[in-house]
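Asks: Following is a predicted model, sequence given first.
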Amino acid sequence: MASKMSVSGEQDTEKGERSDSPEPSCVSMKSDGSMPRLINFRDGDSTTDLRIQKDSDSTHINLLESIFKELEHKVISLVKNELKRFKKLLSPDYPACSEREVEDEEDQSSVREGVLKITLHFLKNMNHTDLANTLQNKLISVHQQKLKSSLREKRKRINEGISQPGRSALLNEIYTDLYITQG
């Protein structure tokens, strides 16, 4: 605001670009979307809006509650199934891993790894480190066998000479002469 002194000594104020009306400026209209909706008390009953909001909040809370109950049930059943699997694995008469179990294990490997870590942690805290070590060693041997078989399958075929798509030979069908020299 600019101000001038008049001859009588009173101060005259000139209003620049500011208006007396309470209308929002163009700048504030752009940011009005981020402001919460204000309750207009002149329109009448605003309690219905609050009641609707409380109902939607309680519906959301009930939905969350049911989702977490279902989640809890699924996590508990997963842990129970994995603990049964570990118990079978620790039994002395446990047979070698079946093909179905290998496929199932590939699908849930990260989940099973997490449950295994939790189980090993609790076994060690319960002073059953011998069981924890046995379980870990048996699972390592299962994973080693799985890794060996997958590597065997991947490296069963090789390309001879210049690599051409679709032209690979079985490794055990390639004949090479072997000359052993003494030297």
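Replies: Sure thing, it's come through.

Asks: Please make it C-alpha for all contacts and neighbour counts, starting now.
Replies: OK.

Asks: longest helix of the chain?
Replies: Using DSSP state H to define each element, the chain has its longest helix at helix 47-90.

Asks: and it, what does it pack onto?
Replies: For helix 47-90, the packing partners by 3 or more C-alpha pairs under 8 Å, 6 or more residues apart in numbering; DSSP states H and E come out as helix 109-125, helix 129-154.

Asks: For the last one, name the packing helices and strands.
Replies: In terms of contacts (3+ C-alpha pairs under 8 Å, 6+ apart), helix 129-154 is packed against helix 47-90, helix 109-125.

Asks: Turn those helices into CSV, columns for mean pLDDT, distance to residue 152 and mean neighbour count.
Replies: Shown next, in CSV, are the helices and strands packed on helix 129-154 (pLDDT from 0 to 100; distance: least, C-alpha to C-alpha, whole Å; neighbours: other C-alpha atoms under 10 Å):
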stretch, mean pLDDT, distance to residue 152, mean neighbour count
helix 47-90, 82, 25, 13
helix 109-125, 85, 21, 14
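
Asks: would JSON lines of the ones you listed with distance to residue 138 be doable?
Replies: Putting those into JSON lines (distance: least, C-alpha to C-alpha, whole Å) gives the following:
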{"stretch": "helix 47-90", "distance to residue 138": "7"}
{"stretch": "helix 109-125", "distance to residue 138": "12"}
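
Asks: Of these, give the one that comes closest to residue 135.
Replies: Residue 135 lies closest, by C-alpha to C-alpha, to one member of the helices and strands packed on helix 129-154: helix 47-90, at 6.2 Å.

Asks: returning to that earlier point: export the helices and strands packed on helix 47-90 as TSV, with columns for distance to residue 70.
Replies: Shown next, in TSV, are these (distance: least, C-alpha to C-alpha, whole Å):
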stretch	distance to residue 70
helix 109-125	18
helix 129-154	30
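
Asks: and residue 162, which of those is closest to it?
Replies: Taking C-alpha to C-alpha, helix 129-154 is the member of those nearest to residue 162, at 19.0 Å.

Asks: Within its sheet, name the partner strands of whichever helix or strand comes after that closest one and how each one runs.
Replies: Downstream of helix 129-154, the next assigned helix or strand under DSSP states H and E is strand 157-158. Partners of strand 157-158 in the sheet, by DSSP bridges, are strand 169-170 (antiparallel).
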